[in-house]
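# After the sequence you'll find the predicted model.
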Amino acid sequence: MSGETIPDSAYDRSATNRALLLMTASATLFGFMAYAAKLASTRLSGPEVAMIRFAFHLTPVLLVARYRHAAVDFRRWDLLLYRGFFGGLAVLLYFVAIAHINVGIATLLNYCSPIFSGVFSMIFLHEHVSSRVLIPLPVALVGIILVVHAHANPGDLLGFGRWELVGLLSAIASGAAVSAMRAARQFENSWSVYGSFCLLGLLTCLPQGLSSWQTPTAGEWKWLVLMSIFAIGAQLLLTFSLRWVDAMTVGVISQLAVLVSMALGATLLHESITATAAIGSVLTIGGVVGVVYVTSMHKRASADEIVVD
């Protein structure tokens with residue numbers, strides 16, 4: 001009947017299904033972003049590429065008045081500060097890792113962040129984490145060691161060289177950023193979260209980006225622009241979808257970015273994937289997904305998280 005009211009449960013399912021599709025598209029775009037960033041950083045430094053990415057990120061907020069007004073309409077500046085700083089630090093470290101090691105490995109290390117976002121959510125958001133997480137967690141850690149060991153240099157500790165450690169640190173910072181973003185989305189609109197991330201991320205990357213600045217060539221600008229377009233689309237889709245899905249669900253779907261970046265690196269950049277690295281990648285992704293699944297078994301979306309902008 002035309003006057004029939006749609007049940008809240010049906011609306012919630014529809015919103016959640018839409019958010020899952022947005023997350024899948026976001027993860028795919030993040031994989032393409034990593035590939036474009038790798039090509040852009042062949043000569044340019046990681047901090048410079050990250051700085052340019054954030055500068056492009058700010059364009060929607062600066063050029064569109066409606067988005068600009070929404071970006072400055074905030075309530076919890078402290079949460080936005082945490083999200084922006086840790087998010088900017090995560091991107092900076094991730095791009096430094098991309099510039100020095102295989103894009104697939106850098107992405108794999110960065111996308112271990114769900115492990116750390118679960119820890120931070122437990123500590124700061126008081127979310128329950130099951131002890132059964134101790135089953136898949138060692139699997140993920142063994143997988144990480146196998147992956148980095150496959151490309152290790154003499155003297156590296158457990159296969160971790162300088163840049164692999166930078167990639168892992170980017171995952172820790174990213175985990176903190178995701179937890180802050182989830183908390184902020186209960187109070188803030190999508191554009192205030194997005195705008196704070198772009199501005200503070202730019203400020204975080206600015207010192208090293210300017211000190212290592214080299215004027216990009218026309219070919220490098222092409223990859224920088226493509227990287228920025230992929231990143232903007234991916235970030236907006238991620239921010240919009242987090243109102244309907246929790247960080248653990250995001251962690252599962254986000255692993256698609258690892259597969260996309262590895263496939264692009266292997267097929268288009270001729271990055272080697274040894275048998276050890278392949279097995280390690282499977283264990284890492286499986287372990288991360290396992291951590292995400294076990295942790296999410298005890299979580300339900302709250303009413304505050306199911307709100308339409």
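That came through fine. Since this is a predicted model, take the numbers as computed values, not measurements.
# switch to C-alpha atoms for all contacts and neighbour counts from now on
Fine.
# lowest confidence element among the helices and strands of the protein?
One helix or strand of the chain scores below all others by mean pLDDT, DSSP states H and E: helix 247-254, with a mean of 72.
# any idea which helix or strand comes after it?
Next helix or strand after helix 247-254 toward the C-terminus (DSSP states H and E): helix 256-268.
# From the rest of the structure, what touches that following helix?
With C-alpha atoms under 8 Å, 6 or more residues apart in numbering as the contact definition, helix 256-268 has outside contacts at 24, 27-32, 34-35, 102-105, 107-108, 111, 271-273.
# Show the buried residues in those residues.
24, 27-32, 34-35, 102-105, 107-108, 111, 271-273 (16 or more other C-alpha atoms under 10 Å).
# Could you tell me which of those belong to helices?
24, 27-32, 34-35, 103-105, 107-108 (DSSP state H).
# Could you export these as JSON lines, including distance to residue 79 and pLDDT?
Listed next are those as JSON lines, based on distance: C-alpha to C-alpha, whole Å; pLDDT from 0 to 100:
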{"residue": "24", "distance to residue 79": "26", "pLDDT": "88"}
{"residue": "27", "distance to residue 79": "24", "pLDDT": "92"}
{"residue": "28", "distance to residue 79": "27", "pLDDT": "94"}
{"residue": "29", "distance to residue 79": "26", "pLDDT": "96"}
{"residue": "30", "distance to residue 79": "24", "pLDDT": "95"}
{"residue": "31", "distance to residue 79": "27", "pLDDT": "95"}
{"residue": "32", "distance to residue 79": "29", "pLDDT": "97"}
{"residue": "34", "distance to residue 79": "27", "pLDDT": "96"}
{"residue": "35", "distance to residue 79": "31", "pLDDT": "97"}
{"residue": "103", "distance to residue 79": "31", "pLDDT": "95"}
{"residue": "104", "distance to residue 79": "31", "pLDDT": "92"}
{"residue": "105", "distance to residue 79": "30", "pLDDT": "92"}
{"residue": "107", "distance to residue 79": "26", "pLDDT": "94"}
{"residue": "108", "distance to residue 79": "27", "pLDDT": "93"}
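# check contacts around residue 92.
Taking C-alpha under 8 Å, 6+ apart as the contact definition, residue 92 lies against 46-47, 50-51, 170, 204-205.
# Equivalent analysis for residue 25, please.
234, 237.
# Could you check how far it is from residue 229?
13 Å (C-alpha to C-alpha, to the nearest Å).
# do the same with residue 61
14 Å.
# Which one's more surrounded, those two?
Neighbour tally, residue 61 and residue 229, criterion other C-alpha atoms under 10 Å: the higher count belongs to residue 61, 20 against 17.
# Surely that one is in contact with residue 195?
Yes. Under the criterion of C-alpha atoms under 8 Å, residue 61 is in contact with residue 195, at a separation of 6.7 Å.
# This structure: helices as residue ranges?
Counting by DSSP H, the segments of the chain that form helices are 8-40, 46-57, 59-63, 65-71, 77-100, 103-110, 113-124, 136-150, 162-184, 190-211, 218-241, 247-254, 256-268, 275-296.
# deepest of those, which one?
Per residue and on average, the most neighbours among the helices of the chain fall to helix 103-110, with a mean of 28 (mean count of other C-alpha atoms under 10 Å).
# Provide the contact partners of it at residue level.
Residues outside helix 103-110 that contact it (C-alpha under 8 Å, 6+ apart): 34-35, 38, 94, 97-98, 144, 147-148, 164, 167-171, 174, 257-259, 261-263, 265, 281.
# Go ahead and confirm residue 20 touches residue 243.
No. Taking C-alpha under 8 Å as the definition, residue 20 is not a contact partner of residue 243, at 11.2 Å.
# Please name the residues that touch the nearest residue to residue 116 once chain neighbours are set aside.
With sequence-adjacent residues excluded and distances taken as C-alpha to C-alpha, 6 or more residues apart in numbering, residue 116 is closest to residue 175, at 4.8 Å. Residues in contact with residue 175, defined by C-alpha under 8 Å, 6+ apart, are 113-118, 120.
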